[in-house]
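Student: from the sequence below, what's the structure:
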Amino acid sequence: MEEIKLRDEYIKLGQALKAVGFVESGVDAKDVITEGLVKVNGEVDTRRGRKLYDGDVVTFEGQEIIIKK
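Tutor: As a prediction, the model looks like this:
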């Protein structure tokens, strides 16, 4: 499980995927998100700009990111 420490109030979903290296670029992030391959808190979310806050959990290809304050 990867962990992202928030510097601001939130981080966007596409940025989080890039930050931990699950995707290489913003275009790749957009593609996997719009294809419905990413879950936020157990539910598919197709919004690249989805704001993630403390406690949110992102799942992609069996890997998880947890967002911490």
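Student: pull the number of nearby residues for residue 33.
Tutor: By other Cβ atoms under 10 Å, 23 other residues sit near residue 33. Quick note: C-beta positions are derived from backbone N, CA and C, even for glycine.
Student: next one: residue 65
Tutor: 23.
Student: how about residue 6?
Tutor: For residue 6, the count of nearby residues is 14 (other Cβ under 10 Å).
Student: may I see the buried residues of the top helix by length along the chain?
Tutor: As assigned by DSSP state H, the longest helix anywhere in the chain is helix 26-34. Neighbour counts using 16 or more other Cβ atoms under 10 Å place 29-30, 32-33 of helix 26-34 among the buried residues.
Student: that helix packs against which elements?
Tutor: When contacts are defined as 3 or more Cβ pairs under 8 Å, 6 or more residues apart in numbering; DSSP states H and E, helix 26-34 sits against helix 13-19.
Student: the helix it packs on - what's its average pLDDT?
Tutor: Averaged across helix 13-19, pLDDT comes to 96.
Student: tell me which strands and helices that helix is in contact with?
Tutor: Packed against helix 13-19 by the contact rule (3+ Cβ pairs under 8 Å, 6+ apart) you find helix 26-34, strand 38-40, strand 51-52, strand 57-60, strand 63-68.
Student: could you rerun that using 10 Å?
Tutor: The elements that helix 13-19 packs onto, with contact taken as 3 or more Cβ pairs under 10 Å, 6 or more residues apart in numbering; DSSP states H and E, are strand 2-5, helix 26-34, strand 38-40, strand 51-52, strand 57-60, strand 63-68.
Student: could you dump that helix to PDB, C-alpha only?
Tutor: The C-alpha trace of helix 13-19 is given here as PDB (Å, rounded to 0.1, in the frame of the first residue of the first chain):
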ATOM      1  CA  LEU A  13      -7.200  11.500  -8.400                       C
ATOM      2  CA  GLY A  14      -5.100  11.800 -11.500                       C
ATOM      3  CA  GLN A  15      -2.300  13.500  -9.600                       C
ATOM      4  CA  ALA A  16      -2.400  10.800  -6.900                       C
ATOM      5  CA  LEU A  17      -1.900   8.000  -9.500                       C
ATOM      6  CA  LYS A  18       1.100   9.800 -11.000                       C
ATOM      7  CA  ALA A  19       2.600  10.700  -7.600                       C
END
